[in-house]
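J.: Got a sequence here, can you build the structure:
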Amino acid sequence: MGEDQNRTRQRTSTEVAVQATTSTVTGVVGALNPVAGIAAAAIKEFADPHLVRLFDRVRQDRGERSARVLAVGSDEANVSLDRLVNTVESSPDLMALMAETVQAAANTPLDTKIIALGRCLGRGVRDDTRVDAERLRVRGLAGIESPEVKLMELLDTETRPVREHGGRWPGWRRPEILDSLPGFASSLDASIARLTAEGLVCDDGIGRVPGDDGYREMWILTSFGQDCLALLRAVAPTSS
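T.: Sure, this is the predicted structure:
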């Protein structure tokens, strides 16, 4: 009986710590995103019950994602949540890493991305020499969602053979990308611009002779892009 009580107290303590930490961090995220505060005030003033319920759901989802990423970070660092928080509070750099991690997690519906973000946080907590590198990874992951992940997965595969000479293009050109991802016809530029801004892809066609159809751009993953994609793949569920 005593052992069961201890387990119950330990579980309750952990749950309280998660809730308290999530509440604190959600406040930080709200401070970083004043638009959400303005929207909340506007909804309350308007007092439409449907909008209030919808906004409450959004806040609930963001809080759950924040708690999830902190729990993953705690597991990755192999420390309790209390110890994780205490360690983070001792370092301005870790505080910045945690704030960016939680904000990125709160904004995404992708569970694999939340887990990858939590692992970045945990590695930074476990080894303070990695904090800067993990912040860069968090920023790279923060900039991508499902459409960009699909494009990155395509760019990580071998390009198609070129009929004229039997070789392969060094990177993925627009026609071949759209053949594989036809739904990207109107949004490919936006996805490429987003990935380029985060340093995840680059054009390997610069300085090369364009194909007979005039397309010169040949998109490939950078080493950083391969690293971020590997983080997502490492936590993706395997199909049986």
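
J.: Point out where the protein drops to low pLDDT.
T.: Residues of the chain that meet the criterion pLDDT under 70 lie in 1-47, 162-167, 208-215, 238-240.

J.: Domain-wise, how is it divided?
T.: Listed domain ranges for the chain are 2-141, 146-235 (source: automatic domain parsing).

J.: deepest of the ones you listed, which one?
T.: Neighbour counts (mean count of other CB atoms under 10 Å) averaged over each of the domains of the chain peak at domain 2-141, with a mean of 17. Quick note: C-beta positions are derived from backbone N, CA and C, even for glycine.

J.: Residue 170 reaches residue 205, doesn't it?
T.: Yes: Residue 170 is within contact range of residue 205, at 7.4 Å (criterion: CB atoms under 8 Å).

J.: Could I get the phi/psi values of residue 173?
T.: With angles defined as degrees, to the nearest 10, residue 173 sits at phi -90, psi 160.

J.: And it, how close does it get to residue 132?
T.: Distance of residue 173 to residue 132, computed by CB to CB, to the nearest Å: 35 Å.

J.: and if you look at residue 232?
T.: From residue 232 to residue 132 the distance is 21 Å (CB to CB).

J.: next one: residue 114
T.: Taken as CB to CB, the span from residue 114 to residue 132 is 22 Å.

J.: go on, residue 139?
T.: Applying CB to CB, the value for residue 139 to residue 132 is 11 Å.

J.: do residue 157 as well
T.: Residue 157 is 31 Å from residue 132, by CB to CB.

J.: repeat for residue 50
T.: Residue 50 is 45 Å from residue 132, by CB to CB.

J.: And the helices in the chain, which stretches?
T.: Applying DSSP state H to the chain gives helices spanning 2-32, 34-46, 49-77, 81-89, 92-106, 111-126, 131-142, 146-155, 174-180, 188-197, 223-235.

J.: out of the ones you listed, which comes closest to residue 161?
T.: helix 174-180 (10.6 Å; CB to CB).

J.: who touches the closest one?
T.: If you take CB atoms under 8 Å, 6 or more residues apart in numbering as the criterion, helix 174-180 is touched by 151, 154, 159-160, 169, 184-185, 188, 213, 215, 217, 219.

J.: same deal with stretch 198-208?
T.: 139-140, 143-144, 148, 152, 155, 170-171, 173, 192, 195-196, 216-222, 224-225, 228.

J.: if you set the cut-off to 6 Å instead, what comes out?
T.: Contacts to stretch 198-208, defined as CB atoms under 6 Å, 6 or more residues apart in numbering, come from residues 140, 143, 170-171, 195, 216-222, 224-225.
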